[in-house]
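J.: How does the following fold in three dimensions:
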Amino acid sequence: MNHHRTLDPRPSELDRDAFVARFGDIYEHSPWVAELTWERGLTSEHDTPAGLAEAMGRTLREATPERQLEVIRAHPDLAGKAAVAGELTDDSTREQAGAGLDQCTPEEMARFERFNEAYKAKFGFPFVMAVKGSNRHAILAAFETRLVNSPDEERRTAIEQINRIARLRLDDRAQS
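T.: The predicted structure follows:
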């Protein structure tokens with residue numbers, strides 16, 4: 001991880017439009033997170049992946065539950081129909097493939113479909129997990145563990161996972 005590496009261009013030096021153009025896609029289909037983070041003000045401490053991830057994560061954590069749910073619902077199902085149809089964002093495609101979700105057996109795909117449906121029926125939003133560095137077996141186990149959570153507990157867990165995804169994406173940007 002690039003804890004001390006600065007992002008290029010430096011977020012604190014960008015105007016609003018340039019900042020949103022560069023970082024508006026960090027949160028899946030939710031550029032408002034970048035917009036609001038920029039409006040709150042950026043300093044040189046936000047020029048690292050960790051610093052910017054903290055600022056953007058705070059924006060999402062402090063958003064209303066309704067806005068948080070919008071961000072959660074913008075995420076695709078893991079190993080779901082969008083993945084099979086090739087309709088994921090580039091970041092989501094890489095992340096899911098990296099966790100081996102593109103190599104599921106028919107039985108594993110059926111389990112993912114059942115878990116995705118049960119999860120959405122209970123919580124009203126898709127299961128979100130930062131899958132980078134994980135694998136399909138660990139993800140299926142996490143589904144089972146998290147299905148017992150309360151809706152509020154699971155919304156908070158999903159937001160934590162989304163902020164983790166954002167941090168990993170910002171780390172990747174510091175390398176490229």
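
J.: next structured bit after the lowest-mean-pLDDT helix or strand in the chain?
T.: The helix or strand of the chain with the poorest confidence is helix 81-84; it has a mean of 74 (mean pLDDT, DSSP states H and E). Next along the chain after helix 81-84, taking DSSP states H and E as the criterion, comes helix 90-98.

J.: Counting neighbours, which bits of that following helix end up buried?
T.: For helix 90-98, the neighbour count (16 or more other Cβ atoms under 10 Å) marks 91-93, 95-96 as buried. Using the backbone N, CA and C atoms, a C-beta is placed for each residue, glycine as well.

J.: right, and the helix or strand after the host helix or strand of residue 114?
T.: Assigned by DSSP H and E, residue 114 belongs to helix 106-123. Sequence order places helix 136-146 as the next helix or strand after helix 106-123, per DSSP H and E.

J.: Which elements pack onto the helix or strand hosting residue 153?
T.: In the assignment (DSSP H and E), residue 153 maps to helix 151-175. If you count contacts as 3 or more Cβ pairs under 8 Å, 6 or more residues apart in numbering; DSSP states H and E, helix 151-175 packs onto helix 49-61, helix 65-73, helix 90-98, helix 106-123.

J.: Go ahead and name everything in contact with the third one.
T.: Applying Cβ atoms under 8 Å, 6 or more residues apart in numbering, the contact partners of helix 90-98 are 25, 28, 75-76, 78-79, 83, 86, 88, 102, 130-133, 165, 168-169.

J.: again, only using 6 Å
T.: Helix 90-98 has contacts (Cβ atoms under 6 Å, 6 or more residues apart in numbering) with 76, 83, 131-132, 169.

J.: Is it correct that residue 131 is in contact with residue 99?
T.: Yes. The pair residue 131 / residue 99 is scored as a contact, 3.9 Å apart, by Cβ atoms under 6 Å.

J.: more neighbours, these two?
T.: More crowded of residue 131 and residue 99, by other Cβ atoms under 10 Å: residue 131, with 25 against 22.

J.: quick one: contacts for residue 154?
T.: By Cβ under 6 Å, 6+ apart, the contact set of residue 154 is residue 123.

J.: Flag the shaky bits of the chain, pLDDT-wise.
T.: Residue ranges of the chain with pLDDT under 70: 1-4, 176.
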